[in-house]
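Asks: Pasted the sequence and its predicted model underneath.
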Amino acid sequence: MPIVAQSTETADWVSRFADDVIEESERRAPGKPVVVASGLSPSGPIHLGNLREVMTPHLVADEVRRRGHQVRHLISWDDYDRYRKVPAGVPGVDESWAEHIGKPLTSVPAPKGSAYPNWAEHFKAAMAESLAELGVEFDGISQTAQYTSGAYREQVLHAMRHRGDIDAILAQYRTKKAPAKKQQQKPVDEAELEAAEGSGAASEDDGSSTAGYFPYKPYCGNCEKDLTTVTSYDDDTTELSYTCTACGFAETVRLTEFNRGKLVWKVDWPMRWAYEGVIFEPSGVDHSSPGSSFQVGGQIVGIFDGKQPIGPMYAFVGISGMAKMSSSRGGVPTPGDALKIMEPQILRWLYARRRPNQSFKIAFDQEIQRLYDEWDKLVGKVADGSALPGDVAAHARAVGTAAGELPKTPRPMPYRTLASVADITAGHEDQALRILSELDPEQPLASLAEVRPRYDKAEAWINHHVPADQRTIVRDEPDTDLLKSLDEPSQQSVRLLLDGLAEHWSLDGLTHLVYGVPKVQAGFPADATPKELPAEIKTAQRTFFALLYHLLVGRDTGPRLPTLLLAVGQERVRALLGE
């Protein structure tokens, strides 16, 4: 794949960060692969807000790769974090999971019926599947594996030896008054509020206790929970004593051989920056405020002889249509939920076209149709060379990576058309193929494979995100009462439509016909442009459309009329319109 937008004038945000990352990597670690990082906590379904934690460094890493550099994109699975709460609405999970609060995520049972050995693996698997579909290459690192294998032993011992220095850094912020919160885009309901909160690690305690400051927290040897308090530590012998407030258990261990615990978050994160040599890692709003983990980590990382990564703050990702989604599904939609209704290129584009500090929304409601229209328009502009440089760059990042283009729909018909057809045909693929073939009779579809996966995404959206009362149900019988009540002009409009059906039976033809009938009735040519017509023609068109919707589906509105007419079929249209 080509380098995207390198010049200063046309560079997009990804290219600008790639410039900085390459320069910084050559300064810190010349000749070594560039390291970018993300961190994800599999404490429950990993939602679309968390995806920004991955997509931001992915897009930068991919641009660095396009320029011929070696890159490692690390995803630290924070699966050794404590289990904080039982998330709502997760299938196979009930209130009994509350007994595991305080244990490492890898020690919590997976939801009932899961194929995975524990809670963390269950939710990691779903995210990894989505990332593969999105074309995201990464090296996954299990923090459970790192800590329990002793990989961080020297770093843990070093942190304990320098606990006074760490405590002094943290003390600079403990007494400071928290700054007034800036007005952010407000989450619209509890589920979106949950997304805005982040993983919860940002609010974790920093290791202070009445016995002194200790940056290491053991998991209890009896109940496995982290409700422990370190009571003493000896630097020479590395003997550490702790008690558990949950079960009363107490023991003394040697940190030179003990692997059942972890550094507190504000120390753990900068330790990893130094250990992995991370050059670029973004952070969410919850980690980026004054005195929070990213700022404090910038000082603590020096204790481990490391440097803070380049790290933009990323803004909130909202959801359009949350209120209409079933509350039983639980929490905020995941990347997997989004990929059921939109192609990976579209989801990549949403993250690529906005700078990390810009909020945006992902559509699960009718707005997804407008989003697809916007995307298809962009694709056309890129093809004919009329797109702006920044839009060209975002498009290139959406459709593929340095490894090549992502799989795509061979014949991408408009999403709203596909959704209408899926709605009207209610799962009958032969009917769907018939209608879609009639959209362009000169180039009929040979099979639905030509419009997949886009057709499947549109069908999933119709079936799972459009309320039942908004679905299209074609009448079984003509509305004889309405037909009898029509005045002469209305009867004439229906007759003009029926007379033109056979000649105009294609998507373009029917579009011309339904818009043309009111024009002809008013004495204008059917192909007259809006500039040539009085304003009342638009009113006449709306009235005519509403009449057709009532006669065909019993409502004021519905799918676009040309698509609806094709879907119903010429013979049935004639019957419902009283012929």
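Replies: Done, it's in. Worth saying up front: this structure is predicted, and the values here are computed from it rather than measured. Residues are numbered from 1 along each chain as shown.

Asks: Any idea how many residues pack against the closest residue to residue 454 other than its chain neighbours?
Replies: Distances taken as CB to CB, 6 or more residues apart in numbering place residue 409 nearest to residue 454, at 4.1 Å, with adjacent residues excluded. The C-beta positions use only the backbone N, C-alpha and C, and glycine is treated the same way. For residue 409, the count of nearby residues is 18 (other CB atoms under 10 Å).

Asks: A helix includes residue 409, no?
Replies: No: per DSSP: H, G, I helix; E, B strand; the rest coil, residue 409 lies outside any helix segment and is coil.

Asks: what about stretch 363-375, average pLDDT?
Replies: Averaged across stretch 363-375, the pLDDT comes to 95.

Asks: Convert the C-alpha atoms of it to PDB, please.
Replies: Extracted C-alpha coordinates of stretch 363-375, given in PDB (Å, rounded to 0.1, in the frame of the first residue of the first chain):
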ATOM      1  CA  ALA A 363     -24.900   5.000  14.300                       C
ATOM      2  CA  PHE A 364     -27.200   2.100  15.200                       C
ATOM      3  CA  ASP A 365     -30.300   4.000  14.100                       C
ATOM      4  CA  GLN A 366     -31.500   5.500  10.800                       C
ATOM      5  CA  GLU A 367     -28.400   7.600  10.700                       C
ATOM      6  CA  ILE A 368     -26.500   4.600   9.500                       C
ATOM      7  CA  GLN A 369     -28.200   5.000   6.100                       C
ATOM      8  CA  ARG A 370     -27.000   8.600   5.800                       C
ATOM      9  CA  LEU A 371     -23.500   7.500   6.900                       C
ATOM     10  CA  TYR A 372     -23.400   5.000   4.100                       C
ATOM     11  CA  ASP A 373     -24.600   7.600   1.600                       C
ATOM     12  CA  GLU A 374     -21.700   9.800   2.700                       C
ATOM     13  CA  TRP A 375     -19.200   7.000   2.400                       C
END
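
Asks: Would you indicate which residues of it are buried?
Replies: For stretch 363-375, the neighbour count (16 or more other CB atoms under 10 Å) marks 363-366, 368-369, 371-372, 375 as buried.

Asks: doesn't residue 343 make contact with the residue nearest to residue 454?
Replies: Yes: contact criterion CB atoms under 8 Å: residue 409 and residue 343 qualify, at 6.8 Å.

Asks: re the thing from before, mind checking how far the residue nearest to residue 454 is from residue 398?
Replies: 14 Å (CB to CB, to the nearest Å).

Asks: returning to what we had before: want to throw the buried residues of stretch 363-375 into a markdown table with secondary structure?
Replies: Formatted as a markdown table, the buried residues of stretch 363-375 follow (three-state DSSP):
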| residue | secondary structure |
| --- | --- |
| 363 | strand |
| 364 | coil |
| 365 | coil |
| 366 | coil |
| 368 | helix |
| 369 | helix |
| 371 | helix |
| 372 | helix |
| 375 | helix |
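
Asks: related to what we said a few turns ago, contacts only, for the residue nearest to residue 454.
Replies: 343, 450-455 (CB atoms under 8 Å, 6 or more residues apart in numbering).

Asks: same question for stretch 129-142, mean pLDDT?
Replies: 98.

Asks: Pull out the buried positions in that stretch.
Replies: In stretch 129-142, counting by 16+ other CB under 10 Å, buried: 130-131, 133-138, 141-142.

Asks: So for residue 403, what pLDDT did the model give?
Replies: pLDDT recorded at residue 403 is 95.

Asks: from what I can see it touches residue 137, true?
Replies: Yes: using CB under 8 Å, residue 403 is in contact with residue 137, at 7.1 Å.

Asks: The helix or strand hosting residue 383 - contacts with which helices or strands?
Replies: For residue 383, the host element (DSSP states H and E) is helix 367-384. Applying 3 or more CB pairs under 8 Å, 6 or more residues apart in numbering; DSSP states H and E, one finds that helix 367-384 contacts helix 344-352, strand 360-363, helix 389-399, helix 415-425.

Asks: For the stretch 51-200 of the chain, which segments count as strands?
Replies: 71-77, 139-142 (DSSP state E, counting those that start in this stretch).

Asks: just how off-centre is the last one within its chain?
Replies: Put plainly, it is strand 139-142. Its chain's C-alpha centre and that of strand 139-142 lie 21 Å apart, by CA atoms, centre = their mean, to the nearest Å.

Asks: Give me the sheet partners of that strand and which way each runs.
Replies: Each strand paired with strand 139-142, and its direction, by DSSP bridges: strand 71-77 (parallel).

Asks: hmm, who's touching the partner strand?
Replies: 33-40, 42, 54, 57-58, 61, 64-65, 120, 124, 136-143, 272, 276, 278.

Asks: next one: stretch 232-246
Replies: Contacts of stretch 232-246 (CB under 8 Å, 6+ apart): 102, 157, 160-161, 163, 211, 214, 216, 218, 220, 222-223, 225, 227-231, 249-256, 258.
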